[in-house]
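In: Fold the following and give me the result.
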Amino acid sequence: MTRYVRAANITPGGMDFSDLLEMNFTPAEREVFGLRAGDVLLTEASGSASQVGRAAIWRGEVEPCCFQNTVIRFRPHVTTSEYAFLVFRYFAVAGVFARVARGVGIQHLGGSRFAEMPYPLPPLAEQKRITDIADLRLAEIREAEVRLRSVLNHLSEQTREILAAAVAGELVPRSSPAPEPNRPRRSPASGQASLFEDEAALNFDAPRLGATVPEGWTRRRVDEAGEVTLGRQRAPKHARGRNMRPYLRVANVHEDRIDTSDILRMNFEPEEVAIYELRNGDVLLNEGQSPELVGRPAIYRGEVPGACFQNTLIRFRSGDEIEPEYALLVFRHYMHSGVFRDIARWSTNIAHLGLERFRALPFPIPPRDEQQRIVAEARRRLDATTAQTIAVQASLKRLPEIERELLAAALAGELAPQDPDDEPAGELLRRLGAPRKSQATLFPAPRRGHIMQKSRPRPTQQAEPSPDLAAVLRENGGALPLPELFAQAGYNRDLPEHIELFYLALREALGKTIRLVGDAAENAELEIADAT
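Out: Residues are numbered from 1 along each chain as shown. Okay, here's the model as predicted:
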């Protein structure tokens, strides 16, 4: 049993050793599929074309270790591991691997297609200069990304603080206290007691909920501050009718923004229109969403005339005391501070706000003129924060392009100076010769849980090749290099079934009718066993 690398272990950040699996490799298979420090490993396939060919350098962190057939191994010959990694990284981010990959659903790079790709090869000394400079620049890009994401986190925290200050009465000077109107308190819907009658029983921080309010403010339930309605349920019977109307759903309601790019329609009878038609100033909240976005609110400002709304949304229609823009600030604060997430109920990965739970939330109410001043100041600060956020996000989006440009410059010879004293790459190739072939260049690495069985799958696109490898060797003088034996026996390297058939035939014959000459891993030449 030997640990092995699969595609899941090759991440954008390098090798991940937290989940290495094991399967059985014979000693001969370990020779073929064993990893050495300096090997460059690439993901052979992915459901996303952009992730095909994701690469990492193996530095011998785990010994012994092999690799699965979801991985392609590149073993450097007249190139350094670091330069090869730069080349393959460029091929990945520039879409070169994506254009070479084939498949429906799962995109496969393919060992043969990968082996035939052009490889830019500068002198060995220049490769070292290129990687030194590229590594420095790439580290600067990663540092810029870390800093920009830190700024985004700071701006997000700033938004939370602005909203919290608005709801706590800390954003603008307060109005002179005025006596609260003498009005009867509405009892909660369905005869239930308020979820928040007992302040000591709250599981939330009082400031987050607005459970304590400044002098001169009042505190009511949400359904006492305005009218709360759940939208109309979508059903097949409403797909057609005489009164087709546009309607809004979760996909249309983003934070402080209505998205009108994808508006659907369904039938609303006249009596339903009276209930579900939207008015300017209505606040819409996501009733069902991911936990961090549940309750996401926006104001309807007539973007879709005559629109109604679906039951994936809750509508809050402000009462006479409440400015709709101020209500929006309260609900944005509840979303950012986690109040909505805390009261939601989850089904699988969807959190539901719940009409009754939302109605029972406390709602802090300042005097009307103070609401208007809070809204104006909050809008000014939030707009500034939003502008900064957009600028930072634009910079983050630019970083992958900068990386592509850097890698393209490295491969074009524009990143490091050329030195006429360097040994030319062509001379190095002639001096060292072609790389010595490994059996792994012809055989796919084993699949997880699959040790090559003796049952022979039949190829689907070609007549079955000869399994008698000894007979093929006799016909060709008694000995052949492994690639030639593969071809002379009638196997097609582009057919996975043929590769497996050849591997099975080879295992059957090795040590019996044929034998390996020289080093088993690197000098794969075979001869019939009785050859002298």
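
In: which helices and strands does whichever strand or helix holds residue 410 pack with?
Out: Using DSSP states H and E, residue 410 maps to helix 368-411. Here helix 368-411 touches helix 81-93, helix 124-168, helix 324-336, going by 3 or more C-beta pairs under 8 Å, 6 or more residues apart in numbering; DSSP states H and E. Heads up, the C-betas are built off the backbone N, CA and C, glycines and all.

In: I figured residue 19 hits residue 11, correct?
Out: No. If you go by C-beta atoms under 8 Å, residue 19 and residue 11 don't touch, sitting 10.9 Å apart.

In: Of these two, which one has the most company?
Out: When residue 19 and residue 11 are compared for neighbours, residue 11 comes out ahead with 12 against 8, by other C-beta atoms under 10 Å.

In: State the phi and psi torsions of residue 483.
Out: Dihedral pair for residue 483: phi -60, psi -40, per degrees, to the nearest 10.

In: quick one: pLDDT of it?
Out: Looking at residue 483, its pLDDT reads 72.

In: same thing with the one 4 residues further on?
Out: With respect to pLDDT, residue 487 scores 77.

In: Flag every buried residue along the strand or helix carrying it.
Out: In this assignment (DSSP H and E), residue 487 forms part of helix 482-488. Buried residues in helix 482-488, counted by 16 or more other C-beta atoms under 10 Å: 482, 485, 486, 488.

In: try stretch 311-328
Out: Quick answer for stretch 311-328 (16+ other C-beta under 10 Å): 311-318, 321-328.

In: same check, this time on stretch 216-227
Out: So for stretch 216-227, counting by 16+ other C-beta under 10 Å, buried means 216, 217, 218, 219, 220, 221, 222, 223, 224, 225, 226.

In: Let me know the distance separating the closest residue to residue 4 other than its chain neighbours from residue 36.
Out: Leaving out its chain neighbours, the residue that sits closest to residue 4 by C-beta to C-beta, 6 or more residues apart in numbering is residue 66, at 4.5 Å. Residue 66 sits 11 Å away from residue 36, going by C-beta to C-beta, to the nearest Å.

In: Between these two, which is the more surrounded one?
Out: Each of residue 66 and residue 36 has its neighbours counted (other C-beta under 10 Å); residue 66 has more, 23 against 13.

In: low-confidence ranges in the protein?
Out: By pLDDT under 70, the low-scoring segments of the chain are 175-211, 348, 436-464, 493-497, 500, 518-524, 530-532.

In: three-state assignment of the spatially closest residue to residue 432 that is not a sequence neighbour?
Out: Taking C-beta to C-beta, 6+ apart, and ignoring the residues beside it in sequence, residue 432 has residue 78 as its nearest neighbour in space, at 5.8 Å. Per DSSP: H, G, I helix; E, B strand; the rest coil, the secondary structure class of residue 78 is coil.

In: Nearest to residue 468, out of the buried residues of stretch 216-227: which one, please.
Out: residue 222 (82.5 Å; C-beta to C-beta).

In: show me what contacts that closest one?
Out: Shown in contact with residue 222 (C-beta atoms under 8 Å, 6 or more residues apart in numbering): 228, 316, 358, 359, 360, 361, 362, 363.

In: Tell me the most packed of the residues you listed, by neighbour count.
Out: Result: residue 316 is most packed of those (other C-beta under 10 Å), 28 neighbours.

In: how would you label that residue: helix, strand or coil?
Out: strand.

In: ok, what's across the strand from it?
Out: Note on residue 316: beta-bridge partners by DSSP bridges are residue 228, residue 283.

In: For the helices and strands packed on helix 368-411, give me JSON lines that also has distance to residue 421.
Out: Shown next, in JSON lines, are the helices and strands packed on helix 368-411 (distance: least, C-beta to C-beta, whole Å):
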{"stretch": "helix 81-93", "distance to residue 421": "19"}
{"stretch": "helix 124-168", "distance to residue 421": "8"}
{"stretch": "helix 324-336", "distance to residue 421": "62"}
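
In: So for residue 256, which of those helices sits nearest?
Out: helix 324-336 (6.9 Å).

In: C-terminal to the closest one, which secondary structure element comes first?
Out: Next along from helix 324-336, by DSSP H and E: helix 339-343.

In: who does whichever helix or strand comes after that following helix touch, helix- and strand-wise?
Out: Counting by DSSP H and E, the next helix or strand C-terminal to helix 339-343 is strand 345-347. The contact analysis (3+ C-beta pairs under 8 Å, 6+ apart) places strand 345-347 against strand 350-352.

In: so what's residue 258 up against?
Out: Residue 258 touches 248, 252, 284, 298, 299, 300, 301, 303, 304, counting by C-beta under 8 Å, 6+ apart.

In: And whichever strand or helix holds the fourth one, what does it pack against?
Out: Here residue 298 sits within strand 297-299, counting by DSSP H and E. For strand 297-299, the helices and strands in contact under the criterion 3+ C-beta pairs under 8 Å, 6+ apart are strand 253-254, strand 257-258, strand 283-286, helix 324-336.

In: ok, and the closest non-adjacent residue to residue 357?
Out: Nearest non-adjacent residue to residue 357, counting by C-beta to C-beta, 6+ apart: residue 343, 4.7 Å away.

In: who touches the one you found in this structure?
Out: Residue 343 touches 195, 353, 354, 357, 358, 361, counting by C-beta under 8 Å, 6+ apart.

In: Please identify which pair of the residues you listed lies farthest apart.
Out: Longest span within the contacts of residue 343, C-beta to C-beta: 195 and 353, 12.9 Å.

In: More neighbours: these two, which one.
Out: The neighbour comparison of residue 195 against residue 353 (other C-beta under 10 Å) goes to residue 353, with 26 against 17.

In: And the furthest pair within the buried residues of stretch 311-328?
Out: 312 and 321 (28.3 Å).

In: ok, the residue lying closest to residue 324 once chain neighbours are set aside - how many residues close by?
Out: Leaving aside its chain neighbours, residue 324 sits nearest to residue 281 (3.9 Å; criterion: C-beta to C-beta, 6+ apart). Applying other C-beta under 10 Å, we find 18 residues neighbouring residue 281.

In: which SSE is residue 281 in?
Out: Per DSSP H and E, there is no helix or strand for residue 281.

In: Quick check on the nearest residue to residue 129 once chain neighbours are set aside: phi, psi?
Out: With sequence-adjacent residues excluded and distances taken as C-beta to C-beta, 6+ apart, residue 129 is closest to residue 416, at 3.9 Å. With angles defined as degrees, to the nearest 10, residue 416 sits at phi -130, psi 150.

In: my guess is residue 416 contacts residue 130, does it?
Out: Yes. Residue 416 lies in contact with residue 130 (C-beta under 8 Å); the separation is 4.6 Å.

In: Look at the two and report which has more neighbours.
Out: residue 130 (22 against 19).

In: hang on, that one packs against residue 83?
Out: Yes. Counting by C-beta under 8 Å, residue 130 does reach residue 83; the two are 6.3 Å apart.

In: overlap in contacts of these two?
Out: Residues touching both residue 130 and residue 83 (C-beta under 8 Å, 6+ apart) are residue 122.

In: Just after the strand holding residue 298, pick out the following helix or strand.
Out: Assigned by DSSP H and E, the successor of strand 297-299 is strand 308-309.

In: Partner strands of that following strand, with direction?
Out: Going by DSSP bridges, the partners of strand 308-309 are strand 244-248 (parallel).
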